[in-house]
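Enquirer: my questions are about this predicted structure, shown below with the sequence.
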Amino acid sequence: MAMTDISALAQMLNPKDEGDSDSDNDCVKYTPADIGNSKPKSKIPDVTPSTVKKAPAGKDIWDAEFVPEGVSTDHEETRPQPQYDMCFKQNVGTEDMFLGMSGKHPGSNDELIITISLPKTKTSEIDLNVTDERVDCWTSEYALRLHLPKPVVSNQGSAQWITDKEQLRLTLPLKKEFDFLP
């Protein structure tokens with residue numbers, strides 16, 4: 001095929017009329033931005049006294065209102081952290097052990113048991129705060145802020161003071177994903 005044949009084929013596929021022009025200036029181009037209201041939207045945010053918050057005073061990088069309730073902002077704790085032990089407990093009966101009827105498996109735990117050693121401490125000195133995600137235990141000599149590995153039901157837990165070992169044992173039921181089912 002010669003070059004003339006190719007140009008003749010191109011003219012057949014794209015015929016040019018005398019009145020047509022190939023310039024892009026004559027065509028009207030539409031974009032997705034042309035659909036809808038033609039009024040341009042303002043990119044300036046609404047800045048009114050009610051929407052603007054004051055910057056924190058001093059060298060603080062956040063306001064006290066952004067700190068969740070119960071969280072201390074004191075970062076310099078001089079009291080040592082007591083020794084503690086944390087373990088999971090699973091309530092297993094004979095129907096679980098021999099028949100496997102309840103659907104429990106080795107990873108399904110029922111309770112979290114935390115044992116905190118507090119030597120030379122009286123029970124009246126212990127300040128204990130338990131939330132669903134954290135345990136705080138303070139005495140005159142020790143300070144413990146412990147984030148829990150799994151959420152617990154804090155209002156159903158129990159605490160026991162073991163006098164001869166000078167330990168505080170917390171038994172906290174774990175929050176189950178499907179507790180609302182019978």
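Expert: Received, thanks. Numbers count the residues shown, from 1 in each chain.
Enquirer: and Thr121, how many neighbours?
Expert: Neighbour count for Thr121, taken as other CB atoms under 10 Å: 19. Using the backbone N, CA and C atoms, a C-beta is placed for each residue, glycine as well.
Enquirer: do the same with the one 3 residues further on
Expert: Around Ser124 sit 6 other residues, with neighbours defined as other CB under 10 Å.
Enquirer: what does the pLDDT read for it?
Expert: Confidence at Ser124, expressed as pLDDT, is 90.
Enquirer: again with Lys175
Expert: At Lys175 the predicted local confidence, pLDDT, stands at 86.
Enquirer: that one and Thr131 touch, don't they?
Expert: No - look at Lys175 against Thr131 with CB atoms under 8 Å: they stay out of range, at 11.7 Å.
Enquirer: what sits against Asp136?
Expert: Contacts here follow CB atoms under 8 Å, 6 or more residues apart in numbering; on that basis Asp136 touches 70, 127-130, 144-146.
Enquirer: now flag whichever of these is closest to Thr94.
Expert: Minimum distance to Thr94 across those is 32.3 Å, recorded for Val130 (CB to CB).
Enquirer: could you check how far the nearest residue to that closest one once chain neighbours are set aside is from Asp132?
Expert: Nearest non-adjacent residue to Val130, counting by CB to CB, 6 or more residues apart in numbering: Ser154, 4.7 Å away. Plainly put, Ser154 is 5 Å away from Asp132 if you go by CB to CB, to the nearest Å.
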